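Undergrad: this one's sequence-less:
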């Protein structure tokens, strides 16, 4: 343990070298840009910049690349709050309350809350990594297909039934999402599904395309109809907004802690940041006293998903380093980088490449601190983007959306699909079909299906595999409790009321 | 971002281009704008790693005056990438790196594509397959494991692999023929995941490529039983304890008459000229001479066969026949 701390300080010394520090700042700034552009995303950003790092030492290279990753994590929140366009999959849940806050003229508060919670989540995860890395890595080994399915199941259950819309509209929207998610290659049988012979459909409907269209384009269409102006123009440019928001944030320490734990757990059991953010939002909405106001611009609705997403995003690097299994697409590209630099990720990396591993961990601490400072100083600047007239900003957003949609698979057909999704999103909003369940189904549906079918293959078709050991049974039971939470709660209230009713009024 | 990089490199190219005009041209044809390598698989996999390694080597050693861009088109088990290159007739700035899905994807899904739609450039290496079990299992040799499979009921032993109706499952079916017992094949998205699932004891064995499982072997979590090649691997450095790749017996010597190697090679779109192909054959030869490439080969214990021209075409044609036979007997062919 003491040895580890000495190693960590050695790592700090490596990171603090001027060249490495410079790379860190460059990485963060590039990352924020990459995160802001919808669709480009951390994974693509790192893939594009990877060749730049081949001539650097592995430690410098990983510092820069992981800082791009932190930057992208921060940047994803910006467009979610300002324009309702999630720059990254894990920012979708941030739009639910972040965007309404921006519309109410509280974009500065929302951005500060998002950045600060991101930082808290990441910091918590890094501390977890520092202290219990070897222990935690072995925990990830216990996740076979049934365990992974149970995690997705829990994510669905903690989110389903939250919507205020009629349950049938929610179900319709979710089923449509499952349907769209199923298009493309069926991973388990190797057959094409629902492509109807069109080569364009081979790739299926990427989640990012759907999100850019449904949220981004749909929102612009709605705004156009309502008179060509952002409702957020009332926002005052207030440089003190950061400190004012910081005064409120400590009140939510319990929420933050819970979101951190959810995030770390989801990141390590390789489910990833996206389900973590949805799950954390769903649970916060249920538990919070102001839960019924979620979706109208509650600051807690920004804190919960952002904290969890970053805790998950950061802890997802742990299985990558220690097991060689990436917890996120971005981690997968970083993993490719490791191999090119001649580093073999795996259990021995901690022993054989101390400089590298502790340099990386130290860069997680430093990168997040520097990242927070950079993005926070820009909060007033970002918030003032909303003051730009709609007729100027809308075409720019459209162009960025189109570029983003194209970049996902370098495919022009995706841009067409984005517009189709945009029009669909517009009509869904008009007719009060909730978008979130559809998005959740597209992003997690095929993964959950895959884990489900792998489990059944292994168990020869018996469903008992989902209650076959302590771990998977616990998660499944938690999922069922989350699913029937409102029934349980109303039953409990009735019991209590009945109990009270027995006593005469005092 | 990519367009920025492209215009930047274009600017650099113009500078270099004028300089090159002064010296005698080394090739009958040279690329005039950035070269695109299509990867018909996701980021982080074996083909992707190799494409990015080539990109890094070409950039670092300035082997080409043009930069190299790597693009993943993984939709439909790589079908998206193959169709893209097939439809880029005459585009001499496009390469595609292949894995076995060059054969398996069109056969299993029925998409309108065959390798003859492309122009073969060169075989860079062949990827090996090894039969792995968890180190805690009692099976010390492939013979022990096969005996255990034969003694158990159908479907008792779980084999994990990458994808469905692709190389890993083809090998599994071949193993089933040897043992006469069905195995439960569970498809995962990537080879790294398969190796970890094996370490976690969620499956009984895998046929991971060396590079996917080596870290766990060195950590004492996995045990290699045999290699699906005609001869032992030619790498003698001690990897795990006092074992080297060379100490792993061939499967044939263990009574499993199954051989399988996966092509790692480059192809171009149809309708390109001989000079254009020659340029890339030469470029790849230079790539193979670099220390970075040798290290990659060493780390992944690749079979370093290099082929180009007619020899390569013949090899690919034979490999296609082999896959067709294997997949037909396994019942993996798409319904026409």
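TA: Nice, thanks for sending it over. Note that this is a predicted model, so its numbers are computed, not measured.
Undergrad: any low-confidence regions in the stretch 51-200 of chain B?
TA: Along the stretch 51-200 of chain B, no part satisfies pLDDT under 70.
Undergrad: For it, just list every one of the strands.
TA: With strands called from DSSP state E, counting those that start in this stretch, the stretch 51-200 of chain B shows them at B:68-72, B:94-98, B:119-127, B:130-134, B:158-162, B:184-188.
Undergrad: What mean pLDDT does the longest helix that chain A contains get?
TA: Taking DSSP state H as the criterion, chain A has its longest helix at helix A:107-140. Regarding helix A:107-140, the rounded mean pLDDT is 85.
Undergrad: so is residue A:381 in a helix, a strand, or just coil?
TA: helix (DSSP: H, G, I helix; E, B strand; the rest coil).
Undergrad: and it, how many residues sit next to it?
TA: If you count neighbours by other CB atoms under 10 Å in any protein chain shown, residue A:381 ends up with 9. Every residue, glycine included, has its C-beta placed from N, CA and C.
Undergrad: Same question for residue A:488.
TA: Around residue A:488 there are 13 residues (other CB under 10 Å).
Undergrad: That one contacts residue A:480, doesn't it?
TA: No - look at residue A:488 against residue A:480 with CB atoms under 8 Å: they stay out of range, at 9.9 Å.
Undergrad: so which residue of the stretch 151-300 of chain B comes closest to chain A?
TA: residue B:215 (2.4 Å; CB to the nearest CB).
Undergrad: give me the element the closest residue in space to that residue that isn't next to it in sequence is part of.
TA: Distance criterion CB to CB, 6 or more residues apart in numbering or on different chains; nearest residue to residue B:215, sequence neighbours excluded, is residue A:346 at 2.4 Å. Under DSSP states H and E, no helix or strand contains residue A:346.
Undergrad: Contacts only, for residue B:282.
TA: Counting by CB atoms under 8 Å, 6 or more residues apart in numbering or on different chains, residue B:282 touches residue B:27.
Undergrad: returning to what we had before: mind checking how far the residue nearest to residue B:215 is from residue B:158?
TA: Using CB to CB, to the nearest Å, residue A:346 is found at 23 Å from residue B:158.
Undergrad: ranges for the helices of the stretch 101-250 of chain A?
TA: A:107-140, A:145-159, A:167-181, A:207-211, A:218-225, A:241-248 (DSSP state H, counting those that start in this stretch).
Undergrad: could those go into a markdown table alongside mean neighbour count?
TA: What follows is the helices of the stretch 101-250 of chain A, written out as a markdown table (neighbours: other CB atoms under 10 Å in any protein chain shown):
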| stretch | mean neighbour count |
| --- | --- |
| helix A:107-140 | 22 |
| helix A:145-159 | 25 |
| helix A:167-181 | 17 |
| helix A:207-211 | 27 |
| helix A:218-225 | 18 |
| helix A:241-248 | 14 |
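Undergrad: looking at those helices, which is closest to residue B:239?
TA: helix A:107-140 (21.5 Å; CB to CB).
Undergrad: Now find how far off-centre the closest one is within its chain.
TA: Averaging C-alpha positions (CA atoms, centre = their mean, to the nearest Å) puts helix A:107-140 12 Å from its chain's average.
Undergrad: I'd like to know how many residues surround residue B:245.
TA: Neighbours of residue B:245 under the rule other CB under 10 Å: 24.
Undergrad: Check residue A:471 too.
TA: 16.
Undergrad: What does the pLDDT read for it?
TA: 89.
Undergrad: Would you confirm that residue B:169 contacts residue B:175?
TA: No - Residue B:169 lies out of contact with residue B:175 (CB under 8 Å); the separation is 10.3 Å.
Undergrad: can you map out the strands along the stretch 201-336 of chain B?
TA: Along the stretch 201-336 of chain B, counting by DSSP E, counting those that start in this stretch, strands occupy B:205-206, B:222-227, B:238-240, B:243-244, B:262-268, B:307-308.
Undergrad: Can you name every helix or strand that the last one contacts?
TA: The elements that strand B:307-308 packs onto, with contact taken as 3 or more CB pairs under 8 Å, 6 or more residues apart in numbering or on different chains; DSSP states H and E, are strand B:119-127.
Undergrad: Then the first one?
TA: Contacting strand B:205-206 under the criterion 3+ CB pairs under 8 Å, 6+ apart are the following elements: strand B:130-134, strand B:158-162, helix B:191-199.
Undergrad: Make TSV out of those and add distance to residue A:429 and mean neighbour count.
TA: Shown next, in TSV, are these (distance: least, CB to CB, whole Å; neighbours: other CB atoms under 10 Å in any protein chain shown):
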stretch	distance to residue A:429	mean neighbour count
strand B:130-134	51	24
strand B:158-162	41	25
helix B:191-199	38	26
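Undergrad: For residue B:171, which non-adjacent residue is spatially closest?
TA: Sequence neighbours aside, residue B:207 is the residue nearest to residue B:171 in space, at 4.9 Å (criterion: CB to CB, 6+ apart).
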